[in-house]
Every structure is written in C-alpha cells, then in structure tokens.
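**Student:** sequence plus the predicted model coming up.
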Amino acid sequence: MSITRREFVQLMGIAGAAGLLPQSALATSKPLSDRYDVPTFGQVRLLHITDCHAQLLPVYYREPHINLGVGERQGQVPHLVGEHFLQHFGIQPNTLEAHAFTHLNYIEAARQYGKVGGFAHLATLIKQLRDNYGREKTLLLDSGDTWQGSATAYWTHGQDMVGACNLLGVDVMTGHWEFTIPAEQIRANINKFEGEFVAQNIFVKEEALFDDAPAFDEDSGLAFKPYTMRELGGVRVAIIGQAFPYTPIANPPRFIPDWTFGIREQELQSLVNTIHRQEKPAIIVLLSHNGMDVDLKMAARVTGIDVILGGHTHDGVPHPQTVRNRDGITLVCNAGSNGKFIGVLDIAVKNGRFQNYQYRLLPVFSNLIEPDKAMQAYIDEVRAPYLKQLNEKLATTEQLLYRRGNFNGSFDQLLCNALRNQKDAQIALSPGFRWGTTILPGQDITFEDVLNQTAITYPETYVREMRGSDIKRILEHVCANLFNPNPYRQQGGDMVRVGGMDYVCDPTQKIFKRISNMTLDDGTPIDMNKSYKVAGWATVERQSPGQPIWEIVANYLRDHQTLKLDKINVPKLKNVQGNLGIN
C-alpha cells in the first residue's frame, strides 16, 4: 500500500521519537529529583491539562480496575487496566509510574508516594516546563471540566477556578461541565478568563438569534469563537475547540436553553480545510472534550488535524495513539484528570509542516514539587471564607473510598446507602459520574470530601415509586449508552450506580438484552410489575424537590461516625472473559 509524503514524514517522526527518549519519565532507574527534567525538542511545546474538576489542592485519585472496551475498542487503548495496562506500555510493576497509571496496590502505594496534583504544584511544574523551553514557544491548553467538581467552585459559580487558571497561565480552553451554570454566568466567567475559550460545535438556536441572544457570529450562529491562531517562535499553530457534544443530554439543558451542541464532523472538516487554505498553519490542534473513543474515531475520519488533545473520559495515556486517515497521521492524546498529569508535547516543524514529536505524560506527585507561592496564596484566599464548612469531620472510613470505574465504586455505594437510609427507600440510584476523589482507609471524611463527589448545580434528591420494569429500562438505556460499539453514540458517563439491588450485565448484548436477574439485596427477584420505593438525585429532565445530596450524605455520616460498607452492589458480568479492561 502506498503512502503520502505527509504520512511518510509523520511515520518517520513517530519511529524516531522512541530514540529521543533515553531518559524517559517512565524509566524506573530515573532519580526522583530528575523526573521532571524534560529534554527539549523541536520548535513548539504544547502543555496539556484536562478534567481538573476544580481540585485546587492535592488529592488522592485511584485509577479504575474496570474500563471495558466493546466492539472494535475491546482490548484497545484506553480500555486497558492494571497489569494489562503495564504490559502494553512497558511499565514495571511496583513503581511510581505503575501507581500513577493503575489501581494496583493502590493503598500501599498511595501511602508511599502521597497525593497528586494541586494547582500550586501544577503552577511550579508548568513554570519550569515553560521557562526551560522558552515561554514564547509554549502554549498551555485545557480540554475542560475545570470549573466544576468542588465545594468552592460550586459556591463561586466557577469563579475560583477562572482566577486559578489565569494565574496558571491557561492560553486556550474548551468545556463541558462549564455549561452546568446559567448561560449568563458562563459568559461572565469567560469574560474574566484571560485566555481564549473556543468551541466549533456550539451554535445559538435560530429562534434565540431572532430574540437577540448573544452569539460570537450571528451569520453562522456560532456561540463561541471556533478556533484561534497563535504564532510560537515563528511557527503558526491553529487550535480548534471541540466542546462535549452531548452536554444537553448528559446534563440539564435548562442552563443553556439557547444553545445546540453536537459532534459536527462535517463542520469540523470544513473548518480544518478553511484554516489550511487561509491561515497556512504549520500545526493544527483539536482541543477536545469528546472522550477518547470519539477522538480516535474522529481522527480516522477528519483529515488535516495533526494532534487531538482530549479529555472527558479521564484516561491517562502515556503515549499518543497514532491514527491513520486518508490524508496522513493524527496523534491522539489524553491527559487523565484531577490535576494528576501534565501532557508535554514538543513538535518539530520542517518546511512549514508538522514533522516529528516528543511526548511525555508527567504524573504530578505533590511531594516531589514545591508549591508556587503566589498560587498557594490565591488558593488560601479563595478557600478562607469556607474553611469551617469544608473542614467539618463527619466520620472516619475503615476502607478505601473511590469512584472511578464502569460500575459502582465504594464512594458511590456510600451515596446510595445514605439515600436509602435517609429516604427510607428500598433501592437507590446514583449517576455514573467519573469525577470524584479518593479517601484512604483510616482517614476522616470531611464535608469537603462529600462535596468533591456531589458538587453539581442540580443536586436535589427525590423519592419515587418505580415498577421493576421502569428500573430495568433505566439500566438498559444507560448501559446502551456506555457500551455502544459506535463511539459517536456514547453520550455520557459510566453506568448508573445502584444500592439495595443486584443484577447481571452482559455488555456484549444489544439494548434491552444486557440487564437480567435483578434482585433485592436479600435475593428476592425484582418483579417487573411491582412498584418499589426508589431514591436518587441529579435528575436531568426536571428539577427534583428534595434536599441536596450532600446534606443527605452528611447527615448519614454524622449518625454513623465510623464507615464500613458491608456490600458494594457491583453487577455480575457476562461474556467479559479475556477483556483487557478488567483486572
């Protein structure tokens, strides 16, 4: 099979990249003090963060032990966990890198290596990475989910994070959870943001335009600037924004009633073609919040993009995935979440085009990095009015509390148990959110910890009578979304969490065939025609009347003082033998 000149040049760059990394950040013999010394390469450096979820302080964050791929994505990046992940990327077990990228020996390793992230530590590292390369040749890009995920972000409508990003020096960003506050506040935050907010796939509805709704461009209907051009040391770089395509489905549309979203592949291709023709960039970057499976499909279908820097699915992937399309090669990168990683992509340009690259995904271990004084002072200032609430001790946990994974995590189970207890319900349902930090055994659970799992703008709880058939329908629809073999039809997070019931799940089946053998905790089969008292929270379609979920959980923990979960309602899985996304 013949290849184009662009493919040849890029493939040579990919092959050469391995030879440029003799002191790889993944090398086990590398001293701790040298782990953040990244050799310079090329003429342009792109720094990439994503899915920080408003975590200003260092946190513990456990990677998933289950991230199932289906169809063509089975056994492929990013659907590798644990030992399968280590083997694929050549990472030695029981190392700092193994701890950064997997759940293996998590408790012991977390106690050994400490917390990750923290904006003061990110600030120090980013400053070093910029200064060592040359600030005039460096951009800091953020794929979104930055203004949401903490108590202070909720209480300040994301303004604490806008200020932090300005101090951090974020140059360009796109969004997803940023759209779960009223549109007027979104625009106010963007006006205070000193970088640029870009999104080529959000349009103002026609009827809203007639009512004089604000738009970046009234003729096209674009709600935001679709892309920006930057010149870095004489190299022209285009950055296109791709916000989360299914925001009005995964989150309440009432916050953004005038806007319409979508993948908009054809519009993206047309925009890329126009940029190449009119702007003559050396590099085109798609700053994406699609999720990695969607980015990989898009890279195969949309030509002319050199790099996709993605977010949404929280996948920390050590090396770019190279995707071939009819015009060449596109690199797809994903930089984890919660401030745990910084992607460092150095690019060499020759004859006005992308030629070669060097990539690092650096785990940010807080105890290896001195906090930046200015950023730490800012964090202390924005947190000061809320410290009494944040620091309230609610209980002590006897076990690891975590969320991340396709199905119930232990913190999700805590939420479900609290709902059932406080609402006197038989069954509880909780959203399959990917964000949420981790608490080690023996640690106190504070009110801030609870908000780190629940801080959304639609936190109200509910109690409803639901027939068994209704519960099954909910599970089937969420499962169909999560395990749809077509990435473009995956519209949200992980599987809805359940409390008080068990079931069997076959991810390989089609809709209405995946869920079976639903039983209550005592083993009683759930009758499809019988009604059950169900508690839940975070309804998308309409606002519920109940207390915010954090009040329910806080009251439950205050009553118990010591937390030990008797059971986690994880479904029994069928036909997943040999799937590398479970370990």
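**Tutor:** Yes, it's here.
**Student:** ok, then the element right after the helix or strand of the chain with the lowest mean pLDDT?
**Tutor:** The least trusted helix or strand in the chain, going by mean pLDDT, DSSP states H and E, turns out to be helix 5-19, with a mean of 38. Per DSSP states H and E, the first helix or strand lying C-terminal to helix 5-19 is strand 44-49.
**Student:** same for that next one, what does it pack against?
**Tutor:** helix 119-133, strand 138-142, strand 235-242, strand 307-310, strand 341-350 (3 or more Cβ pairs under 8 Å, 6 or more residues apart in numbering; DSSP states H and E). The way it works is simple: take the backbone N, C-alpha and C, and place the C-beta from them, glycine included.
**Student:** looking at the ones you listed, which is buried most?
**Tutor:** Among the helices and strands packed on strand 44-49, strand 307-310 has the highest mean neighbour count (mean count of other Cβ atoms under 10 Å), at a mean of 29.
**Student:** which helices and strands sit right next to it?
**Tutor:** strand 44-49, strand 283-288, helix 292-301, strand 328-334, strand 341-350.
**Student:** for Y532, which of those is the nearest?
**Tutor:** helix 292-301 (33.9 Å; Cβ to Cβ).
**Student:** quick one: mean pLDDT for the closest one?
**Tutor:** Across helix 292-301, the average pLDDT comes to 98.
**Student:** and the contacts of that helix?
**Tutor:** 73, 77-78, 245, 263, 265, 268, 286, 288, 290, 305, 308, 310, 312-313, 315, 317, 321, 323-325, 330, 332, 334, 487-488, 490 (Cβ atoms under 8 Å, 6 or more residues apart in numbering).
**Student:** put the buried members of the residues you listed into a ChimeraX selection.
**Tutor:** Buried residues among the contacts of helix 292-301 (16 or more other Cβ atoms under 10 Å), as a ChimeraX selection:
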select :73,77,78,245,263,268,286,288,290,305,308,310,312,313,315,317,321,323,325,330,332,334,487,488,490
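**Student:** now, which of the contacts of helix 292-301 lie within strands?
**Tutor:** 286, 288, 308, 310, 321, 323-325, 330, 332, 334 (DSSP state E).
**Student:** now, among the residues you listed, which is nearest to A223?
**Tutor:** S288 (17.0 Å).
**Student:** how about I582, nearest residue that isn't a chain neighbour?
**Tutor:** I66 (4.8 Å; Cβ to Cβ, 6 or more residues apart in numbering).
**Student:** how close does the one you found get to D51?
**Tutor:** 19 Å (Cβ to Cβ, to the nearest Å).
**Student:** between those two, who's got more neighbours?
**Tutor:** More crowded of I66 and D51, by other Cβ atoms under 10 Å: D51, with 30 against 22.
**Student:** residues contacting the more buried one?
**Tutor:** 143-146, 311-312, 314, 336-338, 434-435.
**Student:** can you lay out these as TSV showing pLDDT and distance to P226?
**Tutor:** What follows is the contacts of D51, written out as TSV (pLDDT from 0 to 100; distance: Cβ to Cβ, whole Å):
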residue	pLDDT	distance to P226
S143	98	16
G144	98	15
D145	98	20
T146	98	20
G311	98	18
H312	97	19
H314	97	26
G336	98	26
S337	98	25
N338	98	28
R434	94	27
W435	96	27
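**Student:** hmm, which of these are the buried ones?
**Tutor:** In the contacts of D51, the ones that pass as buried (16+ other Cβ under 10 Å) are 143-146, 311-312, 314, 336-338, 434-435.
**Student:** domain boundaries for the chain, per the record?
**Tutor:** 48-63+103-379, 391-573 (automatic domain parsing).
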